[in-house]
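Peer 1: Need coordinates for the following:
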Amino acid sequence: MNAPSEILLVTGMSGAGKSTVLKTLEDLGWEVVDNLPLSLLDRLLGTDAAIGQSEFARPLAIGIGAMTRDFDAAAIARQIDRLREAGRQEIDTLFLDCATDELARRYDETRRRHPLAADRPAREGIAQERELLEPLRRWAPRLIDTSRYTSAELAQQIRRTFAQPGLSEPAVSVMSFGFSRGLPPDADLVFDMRFLRNPHWVPHLRPGTGQDEAVAAYVSQDPAYEPAVSRIEELLLLLLPRYRAEGKSYINIAVGCTGGRHRSVHVAERIAARLRTAAFSPRVTHRDLAAVPQDRLEGRPDGQ
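Peer 2: Reported below is the predicted structural model:
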């Protein structure tokens, strides 16, 4: 498939995955309108915001189905053709199809009635809907047959095709914390820096934090520092694109040490800087930076 347009009409067979597609597009940052009456379609598509001319406009997805008020497949095709001829080339259409046997199975499994067969077998409603939608199916430039897709697989296909740079990027946060004050409850990835030597037990470094050059130099001179931190960075650069591909909206990385003021602060800052060079935009917070240093929380200074 080619790169997506600024406006996407999403249509197709009931049960073929329209709701999944629209929800996925919404998660990707698209503005979504479902079941818009066709009498309002011209008004919506004719606005500057709809075609992306507004500075703050988002791409727009419009869900249309056979149950949409005033539905007429041939009229929709003519309507869009007129807009394209008028210069609205950004308008695109995705048709979701599915084999009749699979649609019937889905209706049977969910025990839902087909919207066009309230008092008849689902297959009769499917056949009627297929006939109604056939002009749109022939006309739509994009088609996905979801017969063999799970909902998760369909969502992944939509993310691969319609994600837009800067719009659908996950929100990445890097937090430093102290284990002695509790784990962050929403952390996805936790890295423990307590294997590094502890500046708390160096009197002139104790009042400082991992943001101070002297503390950072002391921590980074530990022989285990560079091999460990560089591997953590490599791991994150491997994992974050995979999380993005799976549609994860928030990725929370937590870096801990004993008190949360020295080692974890420095390492969190370094990791965030590395992620920025890889085109991520992490938000950095230091949960326990302002905490008062306490010997009883730092354990024994063995090896200091």
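
Peer 1: just checking, what packs against the biggest helix by length in the chain?
Peer 2: Ordering each helix of the chain by length in residues (DSSP state H) puts helix 225-245 first. For helix 225-245, the elements it packs on are helix 151-162, strand 189-192, strand 250-257, helix 263-277, judged by 3 or more CB pairs under 8 Å, 6 or more residues apart in numbering; DSSP states H and E. C-beta coordinates here come from the backbone N, C-alpha and C atoms, glycine included.

Peer 1: weakest of the ones you listed by average pLDDT?
Peer 2: Mean pLDDT is lowest for helix 151-162 among those, at a mean of 87.

Peer 1: tell me which residues in that helix are buried?
Peer 2: Neighbour counts using 16 or more other CB atoms under 10 Å place 154-159, 162 of helix 151-162 among the buried residues.

Peer 1: roughly how far is that helix from the heart of the chain?
Peer 2: Average the C-alpha atoms of helix 151-162, do the same for its chain, and the two points are 11 Å apart (CA atoms, centre = their mean, to the nearest Å).

Peer 1: quick thing: my sequence starts at 4, can you match it?
Peer 2: Renumbered: residue one is now 4, and that last one reads helix 154-165.

Peer 1: List of residues touching that helix?
Peer 2: Contacts of helix 154-165 with the rest of the structure, by CB atoms under 8 Å, 6 or more residues apart in numbering, involve 4, 7, 11, 20, 23-24, 26-28, 31, 33, 62, 147, 149, 152, 171, 248-250.

Peer 1: what does stretch 230-238 give?
Peer 2: Contacts of stretch 230-238 from elsewhere in the structure, counted by CB under 8 Å, 6+ apart, are 194, 198-199, 270, 273-274, 277-278.

Peer 1: Then stretch 30-45?
Peer 2: 11, 25-26, 28-29, 47, 61-68, 70-75, 78-79, 82, 86, 161-162, 165-167, 170-171, 250, 252.

Peer 1: now do 7 Å
Peer 2: Stretch 30-45 is contacted from outside by 25, 28-29, 47, 61-67, 71-75, 79, 82, 162, 165-166, 170-171, 250, 252, using CB atoms under 7 Å, 6 or more residues apart in numbering.

Peer 1: for stretch 208-219, same thing?
Peer 2: Applying CB under 7 Å, 6+ apart, the set of residues contacting stretch 208-219 from outside is 202-203, 221-222, 264-269, 272, 292, 296.

Peer 1: Great, nothing more from me.
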